[in-house]
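**Q** Here is a sequence together with a model predicted from it:
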Amino acid sequence: MSAAAKKDINFEVIKDTYIGVLKKYLVIEGRARRREFWLFFLCNLVLGIIPFIGWLIGLATFIPSITVGVRRLHDTNRNGLWELLSLVPLLGLIFLFAGIFAAANYGSLRFLLILVFLVSIAPAIILLVWAAQEGTNGSNKYGPDPKAGSHFKAVPKPKAVSKPKTVKAPKPKAVSKPKTVKAPKPKASSKPKTVKTPKPKASSKPKTVKTPKPKSESPKAKAQRPKPKKK
């Protein structure tokens, strides 16, 4: 399995692959890519460790394990009948258990049965090696390339949605209260200066030119004044 394919494997891919194989319970036509086969095989191997529950799962998935193996052989352009080799280890296991019960009476058979079991594993190893091989590129006689439009295509990991940076809005500057321009107090309207009209000077009384009083003639002058002539 390529490094790029390993990066694409996640829980969603494993779940979809496992369920997809179960849906093809009896389907032997077509091809199965390596990911489909190995994820199903490894999941069953892990679940089989659980006591009792693992055995039930093994029985329930026995047929899908055969059919997905047939499709995997088709992907390598091999006949699906080769999958019958996977039953050989099962027969060897049956012989092994039978030998354990017969060991008390036939001690010499124990070694022989163990050897038969070990030999019976060889076909299963061959099938696993074939299952690990790259499938044929493009279509072959068993169907189109499953990688071209596979149901088991890796689900791309959703990109972590980067939280939009919360741009802190600059705190609004405290609105400076508009300076109340004090309107200049209207100057007390200066009372119009009452231009004092100059008081008319008291009309100066015409100086009465004192006519000099005629000097009283002295009696001498009177005597010397000529008397007017009588007509």
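**A** Arrived safely.
**Q** Can you name every helix or strand that the host helix or strand of A122 contacts?
**A** Secondary structure from DSSP states H and E places A122 in helix 107-131. Helix 107-131 sits against helix 34-47, helix 62-75, helix 87-102, with contacts defined as 3 or more CB pairs under 8 Å, 6 or more residues apart in numbering; DSSP states H and E. Glycine gets a C-beta too; all of them are placed from N, C-alpha and C.
**Q** Okay, now the unreliable bits of the protein?
**A** Applying pLDDT under 70 to the chain flags residues 1-9, 99-110, 149-167, 169-170, 172-231.
**Q** Go again with 80.
**A** 1-9, 92-117, 148-231 (pLDDT under 80).
**Q** ok so, going back, just name the most buried of the helices and strands packed on helix 107-131.
**A** Mean neighbour count (mean count of other CB atoms under 10 Å) peaks for helix 62-75 among the helices and strands packed on helix 107-131, with a mean of 21.
**Q** what sits up against it?
**A** With CB atoms under 8 Å, 6 or more residues apart in numbering as the test, helix 62-75 has contacts from 21-22, 24-34, 36-37, 40-41, 44, 79-80, 82-83, 86, 127, 130-131, 135-136, 140, 142-143, 146.
**Q** That helix vs helix 107-131, what angle?
**A** With axes from the mean of the first three to the mean of the last three CA atoms, to 10 degrees defining the directions, helix 62-75 sits at 50 degrees from helix 107-131.
**Q** how deep is the residue lying closest to Q133 once chain neighbours are set aside tucked in, by neighbour count?
**A** Leaving aside its sequence neighbours, Q133 sits nearest to T76 (CB to CB, 6 or more residues apart in numbering; 5.4 Å). The number of residues packed near T76 is 18, by other CB atoms under 10 Å.
**Q** T76 and G135 touch, don't they?
**A** Yes: if you go by CB atoms under 8 Å, T76 and G135 touch, sitting 5.8 Å apart.
**Q** Reformat the helices and strands packed on helix 107-131 as TSV; add distance to K15.
**A** Formatted as TSV, those follow (distance: least, CB to CB, whole Å):
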stretch	distance to K15
helix 34-47	10
helix 62-75	15
helix 87-102	28
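**Q** closest to I14 out of those?
**A** For the helices and strands packed on helix 107-131, the distance to I14 is smallest for helix 34-47, at 5.6 Å, taking CB to CB.
**Q** Span of stretch 37-57 from start to end?
**A** Using CA to CA, to the nearest Å, one end of stretch 37-57 lies 17 Å from the other.
**Q** List of residues touching it?
**A** Taking CB under 8 Å, 6+ apart as the rule, stretch 37-57 contacts 1, 9, 13-14, 17-18, 21, 58, 61, 64-65, 68-69, 71-72, 131-132.
**Q** So for I114, which of the helices and strands packed on helix 107-131 sits nearest?
**A** helix 87-102 (6.6 Å).
**Q** I would like the residues contacting the closest one, please.
**A** For helix 87-102, the surrounding residues in contact (CB under 8 Å, 6+ apart) are 109-110, 112-114, 116-121, 123-124.
**Q** Narrow these to those that are buried.
**A** Using 16 or more other CB atoms under 10 Å as the burial test, these include L113, F117, S120, P123, A124 as buried.
**Q** Lovely, talk soon.
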